[in-house]
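J.: Predicted model and sequence follow; I will ask about them next.
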Amino acid sequence: MTAFVTDGPQLHRTRKGQLIMLWSTWAADGYVQAQARSTSGEIDGPWIQLGALVRRDSGHGMLFRAFDGQLMMVVHRPFKDARGKLYEMRDAGHRFEVVRQRTDLDGDPPVAAAARPPKSAGL
C-alpha cells in the first residue's frame, strides 16, 4: 500500500458540487500540490487521487477569487525562491485545472531592457 503525507489540506466544492481536497505531498520530483475528489461528496470519502496540479517544489495551495472574480491559486515554494506563486485556475466541475501561471503578478519587477546584460556573440 502506498502511503502519502497529507500536508496543508483545503476543501472546496466545485460548481457541480463535487468535494475536492487540495493537498501537498512529496513526489519523485519534489514537493507537489495535488488534488483528490470524494466519490461520496462527504469528508470521509472514499477519495480518488486526481494527480498533481503543480510540481517542482510547490505546496500548500489555496484557492481564492481575485477582485475581478477570476479563480486563482497561490502556492508557496518552500525550499528555493520561497515566495508565493500565483496560478489562474478553472473549475472544471469534477476537478480544478491550472490555466496558466501568473508570473506578471508574483511581485518581481519586470527587467528593463537597459538593465539586461548584453548578449555575448558566441551564445
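T.: Looks like it came in fine.

J.: In this protein, which residue is most central in space?
T.: V54 (4.8 Å; C-alpha atoms, centre = their mean).

J.: where does it land on pLDDT?
T.: pLDDT recorded at V54 is 89.

J.: Name the nearest residue to it, ignoring sequence neighbours.
T.: Closest residue to V54 apart from its sequence neighbours, by C-beta to C-beta, 6 or more residues apart in numbering: Q33 at 4.4 Å. For every residue, glycine as well, the C-beta is placed using N, CA and C.

J.: Can you name the residues bridging to that neighbour?
T.: S24, V54 (DSSP bridges).

J.: if I read this right, it contacts V75, doesn't it?
T.: Yes. The pair Q33 / V75 is scored as a contact, 5.2 Å apart, by C-beta atoms under 8 Å.

J.: State the distance from the closest residue to T6 other than its chain neighbours to L71.
T.: For T6, ignoring the flanking residues on the chain, the nearest one in space by C-beta to C-beta, 6+ apart is W23 at 5.0 Å. Per C-beta to C-beta, to the nearest Å, W23 is found 18 Å from L71.

J.: Compare neighbour counts for those two and give me the winner.
T.: Taking neighbours as other C-beta atoms under 10 Å, W23 and L71 compare with W23 leading, 23 against 18.
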